[in-house]
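S.K.: the following block contains a protein sequence and its predicted model.
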Amino acid sequence: MDENRYIQVILPLRLDWEPYYRVPEGMDVAMGERVKVLFARREYSGVVSCTGAVPTTAPDKILPIQSVESGLPRIGEKEIALWRDVAKYYLCSVGEVYKAAYPSLKIQSEETQARTRERLEARKERLREKILRARRDETRQRYREELEQLERGETTVGNGSFHPLSDTQNKALEGILKGFSAGKTVLLNGVTGSGKTEIYLELARRTLAEGRSVLYLVPEIALSRQLEMRVADAFPDVMVYHSAESGARRRDVADKVRSAPATLVLGTRSALFLPHRNLGLIIVDEEHDTSYKQDSPAPRYHARETAIMLGIRQGARVLLGSATPSLESLYNAEIGRFVKVDLKERFYTGDDAALMVVDTVAERRKNGMAGSFSLKLLAEIRRTLDEGGQTILLRARRSYAPAVQCTSCGHIRKCPHCNVSLSLHRHPDRLVCHYCGHSEPYDALCPDCGGALTALGAGTQKIEEELAAIFPEARIARLDSDTPEKDEAGIIRAFADGETDILIGTQMVTKGFDFSGLSLVAVIQADSILSLHDFRADERAIQLFEQFRGRSGRRGKKGLFVIQTREPDHHVFASLEGADECERLLDERRQFGYPPFTRIVQLIVKDPNEKRADFLSAQLAEKLRPVLPQGAVTGPYAPAVDRIAEQYIRHIRIMLPRDRQLTAHKEAVAACVSAFEKERKYTGHIVLDVDPA
Ligand SMILES: [Zn+2]
Ligand SMILES: [Zn+2]
């Protein structure tokens with residue numbers, strides 16, 4: 001019998017096995033090739049994961065493959081090995097990881113070239129400026145040569161411009177290299193403005209010089225255009241990769257990664273699944289950022305953990321960087337799994353922005369508030385405007401108002417499909433659900449009693465309106481997820497160029513930007529950030545506030561950071577005053593058995609029928625309890641938002657000790673859920689989320 005006759009195939013489905021197929025006479029397939037096959041009467045493109053298989057299924061039940069997709073590149077063994085690692089860790093199927101790694105691609109070819117051309121032009125423009133500004137002849141000459149080279153179309157990796165490292169940066173670099181030699185993942189804890197990026201670029205340069213590739217991960221690319229430019233200055237051939245890029249662009253990057261001897265990719269978490277070869281270094285910048293965790297669909301992976309798995313598979317060194325590392329990583333450094341390198345000296349900025357916490361309850365009592373603003377903050381904005389400086393205001397809720405209420409019957413308008421209040425958006429006036437996207441016209445009348453509806457609270461839109469009324473001469477812009485994507489870059493550029501005085505926005509405005517004219521940053525209603533019902537709420541708030549504070553006062557001037565809150569004594573603010581809250585937070589986690597001292601597996605049960613959601617989630621929890629350590633299973637319980645898009649939601653939380661049994665326990669959870677789904681014919685209702693964000 002021909003050895004190639006039976007193969008196993010990974011299908012892009014949630015299947016816990018890899019089905020067998022027969023290879024017809026005259027056809028030839030190899031490991032990693034893509035084949036068209038039928039499964040449950042539908043056609044799929046699968047990956048050959050095993051040739052010469054000995055089927056355990058009856059031979060007459062085994063279908064032949066339809067065809068071999070000869071035009072597609074073969075998938076490497078290391079890639080498949082990574083999928084298996086991810087599937088095992090995140091309790092999903094290998095097929096689900098394959099589907100994430102190879103989404104079906106649509107082809108739009110010109111865009112790639114347009115983007116590259118745009119970047120090249122921008123780079124030339126910056127060089128021309130540098131030539132004009134250069135003080136020394138040699139420097140000017142160097143820029144000139146570089147420009148001529150670009151104009152001749154000659155670019156090679158690593159031929160760009162580098163800043164020499166300071167002594168402090170060099171010392172950190174040594175520490176990182178020492179950690180790498182010891183075979184450890186390194187955590188670079190560097191305050192904002194300490195020049196972490198220069199260290200990343202230097203390490204990238206060295207790795208590329210060794211002939212090995214570099215993967216540089218960032219949480220979100222749209223907000224990292226400035227970084228993209230900086231990396232492109234050093235490495236003109238850098239390739240940008242993220243899931244919103246066109247299919248053609250992504251395939252282009254994948255082809256280069258597969259074939260070029262050494263590449264540099266700047267990308268978001270999905271870049272982890274490129275067909276990496278010969279990877280020498282993985283950088284995970286802003287490692288604490290929650291955007292690194294994929295919520296949905298499976299694989300619900302975290303880029304930090306997956307980068308470490310990829311590093312092991314590729315023999316690559318892994319560097320995590322942050323100004324506010326996650327407790328997870330700090331703990332890993334404490335137990336010696338990571339090496340921590342500190343970079344405390346600021347290279348580009350002055351001191352931390354001064355902190356002013358404004359008690360909005362007390363201010364209101366003494367008539368110190370005007371709408372959403374305290375008079376104290378308004379005075380600072382006025383001063384900043386007068387001095388020609390810039391301000392960014394953070395309000396964590398987009399919309400005009402987070403809710404509307406009837407003034408006669410008190411009824412709060414809710415989404416017909418979710419258990420949440422509808423937000424009011426103006427221009428045009430609509431009520432919108434931020435969970436399911438439901439949207440309806442708004443006529444300001446109560447549908448129950450005909451009474452008048454009134455807006456509750458203030459979102460970014462209303463803040464913008466209030467501010468425009470107070471400072472009619474100021475140039476004000478807003479940036480949140482209601483901003484059309486095509487306008488984002490323009491708004492950021494206008495602010496960077498000083499054409500806007502005040503920028504208002506959601507969490508987006510705290511990330512990645514470097515504005516030299518920014519001297520005041522302020523949080524309106526910090527309470528919505530502090531009051532999240534999650535054991536990570538404090539950690540997240542500290543990270544967000546520190547990151548935001550780091551945006552101001554760059555380039556020498558000391559900035560000001562104002563926080564308006566109803567809870568000025570909240571211990572999160574102690575951390576901003578310089579207290580080391582990490583130890584306290586870690587102690588708290590240890591005491592209550594939360595991560596990083598345990599691992600959480602969250603089961604999410606969804607059902608359009610509320611009674612069935614209650615009943616079956618309770619049944620599932622009962623099945624799980626006996627197979628897991630005592631006390632590991634909590635729930636089921638209804639989360640704060642317990643109905644989304646017609647689905648009732650119940651959570652079961654499993655907290656597992658981080659011991660030798662961990663993998664076995666996780667597998668027991670997966671097996672139990674899978675058996676339950678089959679027994680109750682309940683497939684598709686249960687989601688497993690490992691290390692939920
Ligand atoms: Zn009413
Ligand atoms: Zn809804």
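M.R.: Arrived safely, thanks for sending. Ligands and ions are numbered 1, 2, ... in the order given.
S.K.: got the residues of the stretch 551-693 of the chain near ligand 2?
M.R.: The stretch 551-693 of the chain comes close to ligand 2 at no residue, as judged by Cβ under 5 Å from the ion. (Each C-beta comes from the backbone N, C-alpha and C, glycine too.)
S.K.: poorly predicted segments of the stretch 551-693 of the chain, please.
M.R.: Residues of the stretch 551-693 of the chain that meet the criterion pLDDT under 70 lie in 553-556.
S.K.: from it, which residue is nearest to ligand 1?
M.R.: Residue nearest to ligand 1 within the stretch 551-693 of the chain: Arg643 (22.1 Å; Cβ to the ion).
S.K.: burial of Gln661, as a residue count?
M.R.: For Gln661, the neighbour count with other Cβ atoms under 10 Å is 13.
S.K.: how close does the closest residue to it other than its chain neighbours get to Gly490?
M.R.: Of all residues not flanking Gln661 in the chain, Pro629 sits nearest, at 7.9 Å (Cβ to Cβ, 6 or more residues apart in numbering). From Pro629 across to Gly490, the span is 54 Å (Cβ to Cβ, to the nearest Å).
S.K.: and what of Gly684?
M.R.: Distance, Gly684 to Gly490, using Cβ to Cβ: 42 Å.
S.K.: ok, Ala403 next?
M.R.: 31 Å.
S.K.: ok so, going back, angles on the backbone of the residue nearest to Gln661, please.
M.R.: When read as degrees, to the nearest 10, the backbone of Pro629 gives phi -60, psi 150.
S.K.: one more: Ala87?
M.R.: phi -60, psi -40.
S.K.: which residues touch it?
M.R.: Applying Cβ atoms under 8 Å, 6 or more residues apart in numbering, we find Ala87 in contact with Ser93, Val94, Glu96, Val97, Pro299.
S.K.: among those residues, which lie within helices?
M.R.: Among those, DSSP state H puts Val94, Glu96, Val97 in helices.
S.K.: so which helix or strand takes in the residue nearest to the last one when sequence neighbours are not counted?
M.R.: Translated: Val97. Nearest non-adjacent residue to Val97, counting by Cβ to Cβ, 6+ apart: Trp83, 4.0 Å away. Using DSSP states H and E, Trp83 maps to helix 77-90.
S.K.: buried ones in that helix?
M.R.: Buried residues in helix 77-90, counted by 16 or more other Cβ atoms under 10 Å: Lys78, Glu79, Ile80, Leu82, Trp83, Arg84, Asp85, Val86, Ala87, Tyr89, Tyr90.
S.K.: which regions of this protein sit below the pLDDT cut-off?
M.R.: Within the chain, the set of residues satisfying pLDDT under 70 comprises 1-4, 104-118, 152-160, 347-350, 512, 553-556.
S.K.: center of it, which residue is that?
M.R.: Nearest to the mean C-alpha position of the chain, by Cα atoms, centre = their mean, lies Ser291 at 1.6 Å.
S.K.: mind checking the SS state of the nearest residue to that one once chain neighbours are set aside?
M.R.: Excluding its sequence neighbours, the residue lying closest to Ser291 (Cβ to Cβ, 6+ apart) is Pro219, at 3.9 Å. What DSSP: H, G, I helix; E, B strand; the rest coil gives for Pro219 is coil.
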